[in-house]
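Participant: Need coordinates for the below:
(one chain, ligands or ions: 1)
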Amino acid sequence: MAEFCVDTTVNLGGIALRNPVLTASGTFGYGSEFAPFLDLRRLGGFVTKSLTLQPRQGNLPPRIAETPSGMLNAIGIENVGVDAFVTEKLPQIPEGVPVIVSVFGTAPEEYADLCQRLDGVPKVAGFELNASCPHVKSGGIEFGQNPKSLTQLVSSVRAATRMPVLVKLSPNVTSIAEMARVCEGEGADGLSLINTLQALDVNVETRRPVLRNVLGGLSGPAIRPVALRMVWQAAQAVQIPICGIGGIMTGEDAVKFLLCGATAVQVGTASYLDPTMAAQVADAIVVYAARHGFARVQDLTGALELPVR
Ligand SMILES: Cc1cc2nc3c(=O)[nH]c(=O)nc-3n(C[C@H](O)[C@H](O)[C@H](O)COP(=O)(O)O)c2cc1C
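Facilitator: Residues are numbered from 1 along each chain as shown. The predicted structure follows:
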């Protein structure tokens, strides 16, 4: 079949991927939870739940809620901590699946420390700095919304590791191009965007917010056009590769991100509907590429035809 001729490999900031589809942080556990449903080697790779130096319990429930074409969450970075990740979770991942570790902290030194500890650990292909979690008391988004803090974060991590570093940016900013340029200037190898949009929903019967944390992050198809806009704007602003994230449910959705300038994509909320969704998206990109005469998936990146002005 024609699609077998398509070269699906991409290079995401020094991370060689067999195809451009990863799973998004916080929606795919530590990978092993999904192994009964999906051969992880069908993915380009996966991004772990954001890890911290110490284990964290996260926020109190209710911490997820459904919204029209989307989902609100305020998990609060519940995770097992870096040590348990290395000793208990990582050994369960099959060889040959690039693992991008999402790291989170309240100070640049914490991110740098985490990356240093994981530098050179087998199976770890690179890092994604969570500079964008919208629903924790400190850390995360504080870095992603302030160019000075973002500069300190990326430069600290850059000094701590030579492994590939992606920075996951927040959509909750005025100029995504400015934040993208900061990351590139400090030596980031790539960008991941977007994280969830800060949001609120209300139960009118109880007159309470649906989430105990009041505010949460909105994900799913509802945010896709916002994410596409931001990927496109960031791609105009920087040369480093971009991993597009936000509401990807189908191969066509993923292709939209590639056309807007993404080198790879991540599937998040869709994995809750069907744990094999990311692999299906990867297969469908190949079918699209073959149908449109693209011999290499990487040639789809930035191939958006703009109207003549
Ligand atoms: C339940 C849940 C937990 C998440 N946890 C994290 C996290 O720990 N770190 C992170 O960087 N992003 C986290 N995210 C954000 C996703 O990785 C992704 O950026 C976002 O959901 C948008 O993609 P989607 O619309 O495909 O879900 C989480 C999202 C959801 C829905």
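Participant: In the stretch 51-200 of the chain, mark out all the helices, start to finish.
Facilitator: Assigned by DSSP state H, counting those that start in this stretch, the stretch 51-200 of the chain shows helices spanning 82-84, 108-118, 141-144, 147-160, 176-185.
Participant: Wait, residue 304 touches residue 259, no?
Facilitator: Yes. The pair residue 304 / residue 259 is scored as a contact, 4.4 Å apart, by C-beta atoms under 8 Å. Glycine gets a C-beta too; all of them are placed from N, C-alpha and C.
Participant: Where is the longest strand in this protein?
Facilitator: strand 124-130 (DSSP state E).
Participant: What angle do helix 108-118 and that strand make with each other?
Facilitator: For strand 124-130 against helix 108-118, the angle by axes from the mean of the first three to the mean of the last three C-alpha atoms, to 10 degrees is 170 degrees.
Participant: what does strand 124-130 contact?
Facilitator: By C-beta atoms under 8 Å, 6 or more residues apart in numbering, the surrounding residues in contact with strand 124-130 are 13-15, 25, 45, 47, 50, 77, 90, 98-104, 111, 115, 118, 140, 143, 153-154, 157, 161, 163-168, 189, 192, 195.
Participant: just to revisit the earlier point, more crowded one of residue 304 and residue 259?
Facilitator: Each of residue 304 and residue 259 has its neighbours counted (other C-beta atoms under 10 Å); residue 259 has more, 18 against 14.
Participant: Contact partners for the more buried one?
Facilitator: Contacts of residue 259 (C-beta under 8 Å, 6+ apart): 300-304.
Participant: go on, residue 20?
Facilitator: 8, 10, 12, 44, 254, 258, 262-265, 282, 285, 297-298.
Participant: Out of these, which comes closest to residue 207?
Facilitator: Nearest to residue 207 among the contacts of residue 20 is residue 265, at 39.2 Å by C-beta to C-beta.
Participant: any idea how far residue 116 is from residue 49?
Facilitator: As for residue 116, its distance to residue 49 is 20 Å (criterion: C-beta to C-beta, to the nearest Å).
Participant: Which single residue of this structure ends up nearest the ligand?
Facilitator: Nearest residue of the chain to the ligand (C-beta to the nearest ligand atom) works out as residue 26 at 1.9 Å.
Participant: What is the neighbour count of the residue nearest to residue 58 when sequence neighbours are not counted?
Facilitator: Distances taken as C-beta to C-beta, 6 or more residues apart in numbering place residue 78 nearest to residue 58, at 2.9 Å, with adjacent residues excluded. Residue 78 has 15 neighbouring residues, counting by other C-beta under 10 Å.
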